[in-house]
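Enquirer: need a 3D model of the following:
(one chain, ligands or ions: 1)
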Amino acid sequence: MENGGPAPEGITNKIYENTTTIKEYLIAEGLPDVDISTTGVSSFEGPKGKFDVDVFDSTSDYLKLLKSIFDFPAIQKLLSSPKFSFCYDALHGVAGVHAKRIFVEELGANESSLVNCVPKEDFGGGHPDPNLTYAKELVARMGLSKTHSEPNPPEFGAAADGDGDRNMVLGKRFFVTPSDSVAIIAANAVQAIPYFSGGLKGVARSMPTSAALDIVAKHLKLKFFEVPTGWKFFGNLMDAGMCSICGEESFGTGSDHIREKDGIWAVLAWLSILAYKNKDNLGEGNLVSVEDIVCQHWAIYGRHYYTRYDYENVNADGAKDLMAHLVKLQSSIDEVNKLIKGIRSDVSNVVHADEFEYKDPVDGSVSKHQGIRYLFEDGSRLVFRLSGTGSEGATIRLYIEQYEKDSSKIGRDSQEALAPLVEVALKLSKMQEYTSRSAPTVIT
Ligand SMILES: O=P(O)(O)OC[C@H]1O[C@H](O)[C@H](O)[C@@H](O)[C@@H]1O
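Expert: Residues are numbered from 1 along each chain as shown. Take a look at the predicted model:
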């Protein structure tokens, strides 16, 4: 793709069509070894003449770009303050290489801040997914482990996935949902990040991501877009100058500096916000913590309680039947509401139910069947989707969200606050019946 982003559906459909007519493929044998541990050009003779392989240091290019976006001296001041502490877990993915150069060598973080930052082919036997289930070491260090108590967790922690494009942000004993993270970055970007000082062109989120960003967009009078899951849908908006910041509930956050999500960018965005909020109190006074920033955000914009249940590797036919059942139910909202009242009388009424469909405002292309939605009168939502990335059987994702504007009710435990909606979602969808699972594989 010319813009460096993921291919849109029109292209991937054509690629698929071509694969159905391939009759043979060729393998080039006897290629000389290229030493990828040193930069420089290696040349060799190919059947059609000279062939060059240019090995370059991508971290240098990346660093140059990041320095044009963020205020590095301000972040450096924060990281060098004895009041601040930091931990970055690359889960043995490639982000570790960038982390050492950027956080330690450029920004002065202590090397002991880096965990699992040596890339390994097998990710050190772990699963490089930056979430509360798989980023175990970071979760324990940040004081969020259920089985281990950490007396003095760092102020800020983050994890990356295997290829470094996703991120998880944590505060001391505090988890920031990816949906809140993008909303908070958008709300603070103009003040805290030089790249955005001229204002934001617009913001966007994927459909299952919580509506926290919508509220920020409304307050700040920004253009707002809700796109299907998949980063490719943001690319068109960015190329057309309609979107500056975007994010997904699946731990992807980014901006129009490139056409992919960018895990280290997200960490620098958070460090920038922390540096901005603490610019006058790194000497005296208490540090404004990650938790303070999130709670202040909720106090202004309200809180979107949010959780995602993943049912991995379930029987594909069962998953299809569950989705068909949910679509069928949508034909009568009255019937749905009767069922819901029978399950939990304290849950509000469904006012709209559909399968999400998106018309790209730039090229007019239409994407159908992008997830089943149940929208409630009080702003709550239930969304059911089949994952497009699961590798075995089918993966069902259930996204549960509830909006709370009342500031006296924003400090609850999210699983507890969402329990009534979870019960409705599981019973309405007949989850156990269709999947033979009594519990999800992962809860985020
Ligand atoms: O379809 P899912 O398994 O939910 O995965 C969804 C995710 O897949 C990839 O990582 C894409 O790059 C993301 O943009 C997307 O959010």
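Enquirer: close to the ligand: what parts of the chain are there?
Expert: Proximity of the chain to the ligand is confined to 229-231, 248, 250, 252, 387-390, 397 under the rule C-beta under 6 Å from any ligand atom. Where you see a C-beta, it was placed from the backbone N, CA and C, and this is true even at glycine.
Enquirer: narrow the residues you listed to those that are buried.
Expert: For the residues of the chain next to the ligand, a burial check counting by 16 or more other C-beta atoms under 10 Å picks out 229-231, 248, 250, 252, 387, 390, 397.
Enquirer: least confident pick among the residues of the chain next to the ligand?
Expert: The member of those with the lowest pLDDT is G390, at 73.
Enquirer: hmm, that one is touching E312, no?
Expert: Yes: the criterion here is C-beta atoms under 8 Å, and G390 meets it with E312 at 6.3 Å.
Enquirer: ok, back up a step: which ones among the residues of the chain next to the ligand lie within helices?
Expert: Among the residues of the chain next to the ligand, no member falls in helices (DSSP state H).
Enquirer: enumerate every residue touching the most centrally placed residue in the chain.
Expert: Nearest residue to the geometric centre of the chain (C-alpha atoms, centre = their mean): F251, 1.9 Å. Listed by C-beta atoms under 8 Å, 6 or more residues apart in numbering, the contact set of F251 reads 129-131, 161, 166-168, 178.
Enquirer: switch to 7 Å and redo it
Expert: Contact analysis of F251 by C-beta atoms under 7 Å, 6 or more residues apart in numbering lists 130-131, 166-168, 178.
Enquirer: now do F103
Expert: 88, 109, 113-114.
Enquirer: so which of those is surrounded by the most neighbours?
Expert: Y88 (28 neighbours; other C-beta atoms under 10 Å).
Enquirer: could the C-alpha coordinates of stretch 327-336 be exported in PDB?
Expert: Taking C-alpha atoms only, stretch 327-336 is exported to PDB below (Å, rounded to 0.1, in the frame of the first residue of the first chain):
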ATOM      1  CA  VAL A 327     -29.300 -11.800  14.600                       C
ATOM      2  CA  LYS A 328     -32.700 -13.600  14.600                       C
ATOM      3  CA  LEU A 329     -33.500 -12.100  18.000                       C
ATOM      4  CA  GLN A 330     -33.000  -8.700  16.600                       C
ATOM      5  CA  SER A 331     -36.200  -8.900  14.500                       C
ATOM      6  CA  SER A 332     -38.300  -8.100  17.600                       C
ATOM      7  CA  ILE A 333     -36.900  -5.600  20.100                       C
ATOM      8  CA  ASP A 334     -40.100  -6.100  22.300                       C
ATOM      9  CA  GLU A 335     -39.300  -9.800  22.500                       C
ATOM     10  CA  VAL A 336     -35.600  -9.000  23.400                       C
END
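Enquirer: buried residues in it, which are they?
Expert: 329-330, 336.
Enquirer: separation between G199 and S113?
Expert: Look at G199 and S113: by C-beta to C-beta, to the nearest Å, they are 33 Å apart.
Enquirer: with M207 instead?
Expert: 36 Å.
Enquirer: what's the answer for V294, then?
Expert: 21 Å.
Enquirer: surely V190 is within a helix?
Expert: Yes: judged by DSSP: H, G, I helix; E, B strand; the rest coil, V190 forms part of a helix.
Enquirer: OK, contacts around the residue nearest to it when sequence neighbours are not counted?
Expert: Taking C-beta to C-beta, 6 or more residues apart in numbering, and ignoring the residues beside it in sequence, V190 has F196 as its nearest neighbour in space, at 5.2 Å. Applying C-beta under 7 Å, 6+ apart to F196 gives the contacts 189-190, 244.
Enquirer: what's the answer for M242, then?
Expert: With C-beta under 7 Å, 6+ apart, M242 has these contacts: 201-202, 223.
Enquirer: can you tell me which of these are buried?
Expert: 201-202.
Enquirer: dump the contacts of M242 into CSV; add secondary structure and pLDDT as well.
Expert: Converted to CSV, the contacts of M242 look like this (DSSP: H, G, I helix; E, B strand; the rest coil; pLDDT from 0 to 100):
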residue, secondary structure, pLDDT
K201, coil, 97
G202, coil, 97
K223, coil, 97
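Enquirer: possible to save the contacts of M242 as CSV with distance to A266?
Expert: Output for the contacts of M242, formatted as CSV (distance: C-beta to C-beta, whole Å):
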residue, distance to A266
K201, 19
G202, 18
K223, 21
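Enquirer: specify which member of the contacts of M242 is nearest to G283.
Expert: G283 has its nearest neighbour among the contacts of M242 in K201, at 36.7 Å by C-beta to C-beta.
Enquirer: ok, that closest one - contacts?
Expert: By C-beta under 7 Å, 6+ apart, the neighbours of K201 are 223, 241-244.
Enquirer: for it, phi and psi?
Expert: phi -80, psi -30 (degrees, to the nearest 10).
Enquirer: what's the nearest residue to the residue in the stretch 1-150 of the chain positioned nearest to the ligand if we skip its chain neighbours?
Expert: In the stretch 1-150 of the chain, no residue comes nearer to the ligand than P6, which is 6.5 Å away by C-beta to the nearest ligand atom. In space, and not counting its chain neighbours, P6 is closest to K232: 4.1 Å by C-beta to C-beta, 6+ apart.
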